[in-house]
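In: coordinates only, sequence not included:
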């Protein structure tokens, strides 16, 4: 009998009726001859409301108690889903992350999975239960509740699929799959039938809000193939899998946008060993995540150092860096909000030349200025004014011929 792990996101269980739809799908999957493990996220908006409550009670809540609080959203949603299955004549039981055997370290709010012992899940499956697991959470060896970071239910599902040696792992969400670009930006964007882990990882890290990056990393490390598909439709989604030789025939797989970025530039930095370390160690100590970093060529012993962060962290970073600029003898700190990162991704770039030139020429022809550039083996990312970002995405999408006109009667309506 096939074992299937299905994960349902917050919008998929956002209302009682949607929970009942999920319950019906779980029962249908079991009746198709499968053992079913479902991983459930908190209902849409619940986690944000819990965070807001925590901030009203305490400006700086202890992370241990915060994890205790935030984990309740998934527990409630998984219990409600089990109730719905049972009410429809199925047989389900809900488990917390701890009961499912998910063991983590003590890095509260962003815990890492250390081990999974799914003995109880196997026992329940053998008794013909649909097993419903609260996503986003686990427990330390000392029995303390932890959470796995934003989007952590993705990681729960993929880790369980690996531990259970599942035959299929399906990530159900509110989109049809992974597209060549966000369809809300590019109407001609096309759904991808398959993509390599590395491509999805680059897109997830570049603003595409499809999957948690850590979940994709885990899937790649342990070879867990999974499908991203809609919880509202019956159509197939996008398969994320190991790279195959034929995948390199596609030069650009997709385009992603990461808005609300900020750029910081330190001018006149001494070109000496240890200076960059002093700058970024102060940033790291404040838990500010740095994305792109660009350093100019040294002239007369000094250089300019620029990097990007999320704009929510800009004021904090400015306060931290102002004294550091004086300490290292740099000239000044320049900051800019209202920028965005546009990335083109594709493993075909490894074997095809001229992608960057074509991308830059397209932007130049349309008077869109590039402020920073960063590249990897399969990605080219540029920083632009945020006001130009969506137009740039549409232009690049058309330049590389990534989309096609969708037929008027395409299957875009959700199932009843």
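Out: Right, received. Where do you want to start? Computed from a predicted model, the values in this text were never measured in an experiment.

In: start and end of stretch 82-98, how far apart?
Out: Length of stretch 82-98, first residue to last, CA to CA, to the nearest Å: 17 Å.

In: buried stuff in it?
Out: Within stretch 82-98, the residues that count as buried by 16 or more other CB atoms under 10 Å are 82, 83, 84, 85, 90, 92, 93, 94, 95, 96, 97, 98. Any C-beta I mention is one placed from the backbone N, CA and C, and that applies to glycine too.

In: how close does the spatially closest residue to the fourth one that is not a sequence neighbour get to residue 81?
Out: Looking back up the chat, that one is residue 85. Nearest non-adjacent residue to residue 85, counting by CB to CB, 6 or more residues apart in numbering: residue 92, 3.7 Å away. As defined by CB to CB, to the nearest Å, residue 92 lies at a distance of 7 Å from residue 81.

In: name the helices or strands packed onto the host helix or strand of residue 259?
Out: Counting by DSSP states H and E, the element that carries residue 259 is strand 254-270. Under the contact definition 3 or more CB pairs under 8 Å, 6 or more residues apart in numbering; DSSP states H and E, strand 254-270 sits against helix 197-204, helix 275-285, strand 302-310, helix 314-327, strand 332-345, helix 386-399.

In: from memory residue 278 sits against residue 326, does it?
Out: No. The criterion here is CB atoms under 8 Å, and residue 278 misses it with residue 326 at 12.0 Å.

In: now residue 72. Nearest residue, chain neighbours left out?
Out: residue 50 (7.2 Å).

In: could you count how many residues lie near the one you found?
Out: Residue 50 has 17 neighbours, counted by other CB atoms under 10 Å.

In: just say helix, strand or coil for it.
Out: helix (DSSP: H, G, I helix; E, B strand; the rest coil).

In: from residue 65, how far out is it?
Out: Separation of residue 50 from residue 65 (CB to CB): 11 Å.

In: any regions of the protein where pLDDT drops low?
Out: 207, 404-416 (pLDDT under 70).

In: show me where it has helices.
Out: Ranges of helices in the chain, per DSSP state H, are 16-31, 46-57, 63-87, 119-126, 152-164, 197-204, 213-222, 275-285, 314-327, 355-365, 386-399.

In: and the longest one, what's buried?
Out: Going by neighbour count (16+ other CB under 10 Å), the buried part of helix 63-87 is 63, 66-85.

In: okay, the spatially closest residue to residue 103 that is not a sequence neighbour and residue 100: tell me how far apart.
Out: Among residues not flanking residue 103 along the chain, residue 115 sits closest, at 4.5 Å (CB to CB, 6+ apart). Applying CB to CB, the value for residue 115 to residue 100 is 12 Å.

In: the two: who's more crowded?
Out: Shown here are residue 115 and residue 100; by other CB under 10 Å, residue 100 has more neighbours (30 against 12).

In: was I right to think that one contacts residue 159?
Out: No. Residue 100 is beyond contact range of residue 159, at 9.9 Å (criterion: CB under 8 Å).

In: any common contacting residues for those two?
Out: residue 116 (CB atoms under 8 Å, 6 or more residues apart in numbering).

In: and the gap between residue 199 and residue 259?
Out: From residue 199 to residue 259 the distance is 21 Å (CB to CB).

In: higher neighbour count, these two?
Out: Shown here are residue 199 and residue 259; by other CB under 10 Å, residue 199 has more neighbours (26 against 15).
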